[in-house]
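Asks: The following block contains a protein sequence and its predicted model.
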Amino acid sequence: MKKREFFKHLGVLSVLCAVGVMAAAPVWAQQDYPNKPIRLIVGYAAGGANDLVARVFGAILAEGLGQPVIVENKTGAAGMIGVEHVTKARPDGYTLLFAASSMFTSNPVMFKKVPYTLSDVVPISTVVTYPFFIMVNASSPVQSIKELIEHLKAKPEGVNASGAAGIHQLAFELFKNQTGTRGEYIPYKSTTQSINAVIAGDALMTIADAGAALGALKGGKVRALAVTSRERLASFPNTPTVAEAGFPGLEIGSWMGLIAPAGTPMPIVRKLQEEVNRIATTILFKERMSALEVNPEGNTSEQFAAMITSDLARWRAVAKASNIEPAN
């Protein structure tokens, strides 16, 4: 072989080798995942329920993966700033979102401009689920959902309900649709403030997260008329479910889950999915979540995506039936 042809063939081989190395690199990276710290993005302020669960989960996830999990709060715009940050991140499994259900199931209903869709992310698994309580002031004569409905129909002009997020407003609209009642929704900056409004007598009722209501309930300041879960809560065995109260259509809840940017390799998604499901069964995580009144619950990426799609469709239908116009 002539020298010129030899070097020509050598050049071709070099290119082929380089292409082979480049093609194999992502596979090696996936097999070696994770080999550096993972950023877990929370779209809400430190100290809130989403943040508290994320930090407990992140610490246990770090032990399982053998790499630090650093929680970062990217707050603002009802959690949308945090979501957008993750959608723009490199899809390599090192920037993840600890999502709240409202980010994907009520924000697209309540706001005209949402800078992301479900196609911009890969749902990995739910981490926890939790129901709502339908509550009134503890001094109220109303003792049940039936009595609440009678009260609302007898004095519709004075009916109002407090809440702190789009999901709470939608839940109240669903309540009105199911019970044939009327009432005004009053928004507050936090769930704690919305519960305090009921305690102060500024609001007749509220539909609030079970965990956020825990202190007020145990302190005897509010009364839970029903819980929106399918079964009664072990910590509140005397509080009936909405189905037991005669309204199975009011079974609703929220979730928190792990989400990655679109394009994240499926081997990484599966590894994280398996880890979430493992964590959900650990005694430590169950105990820590029980104190926050949330239920550890993992699933598959496909099941999680289907849940989000179903929830979004449900709330869109509620908003349409209630003539809710999305905010700018």
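Replies: Looks like it came in fine. Residues are numbered from 1 along each chain as shown.

Asks: all helices of this structure, in order?
Replies: Read by DSSP state H, the chain holds these helices, from start to end of the chain: 3-31, 49-65, 80-87, 101-105, 107-110, 145-154, 166-179, 191-200, 210-218, 266-280, 283-291, 301-321.

Asks: So which of those is the most surrounded?
Replies: Per-residue neighbour counts averaged over each of those give the maximum for helix 101-105, namely a mean of 25 (mean count of other Cβ atoms under 10 Å). In this view, the C-beta of every residue, glycine as well, is placed from N, C-alpha and C.

Asks: what's that helix in contact with?
Replies: With Cβ atoms under 8 Å, 6 or more residues apart in numbering as the contact definition, helix 101-105 has outside contacts at 43, 78-80, 82-83, 118, 165-167, 254-257, 308, 311-312, 315.

Asks: Then stretch 136-153?
Replies: Here stretch 136-153 makes contact (Cβ under 8 Å, 6+ apart) with 134, 159, 179-183, 198-199, 201, 204-205, 220-223, 225-226, 240, 242, 245-247.

Asks: Which members of these are classed as buried?
Replies: Burial by neighbour count, 16 or more other Cβ atoms under 10 Å: within the contacts of stretch 136-153 this picks out 134, 159, 179, 181, 183, 198-199, 204-205, 221-223, 225-226, 240, 242, 245-247.

Asks: Which residue would you name as the spatial centre of this structure?
Replies: Geometric centre of the chain, nearest residue: A100, 2.3 Å, by Cα atoms, centre = their mean.

Asks: Nearest residue to that residue in space, please, no chain neighbours.
Replies: Among residues not flanking A100 along the chain, N50 sits closest, at 5.0 Å (Cβ to Cβ, 6 or more residues apart in numbering).

Asks: How confident was the prediction at that neighbour?
Replies: For N50, the model assigns a pLDDT of 93.

Asks: which phi and psi does F236 have?
Replies: F236 adopts backbone torsions of phi -130, psi 70, taken as degrees, to the nearest 10.

Asks: which residues does the residue nearest to A100 contact?
Replies: The contact partners of N50, by Cβ under 8 Å, 6+ apart, come to V42, G43, Y44, F98, A100, M256.
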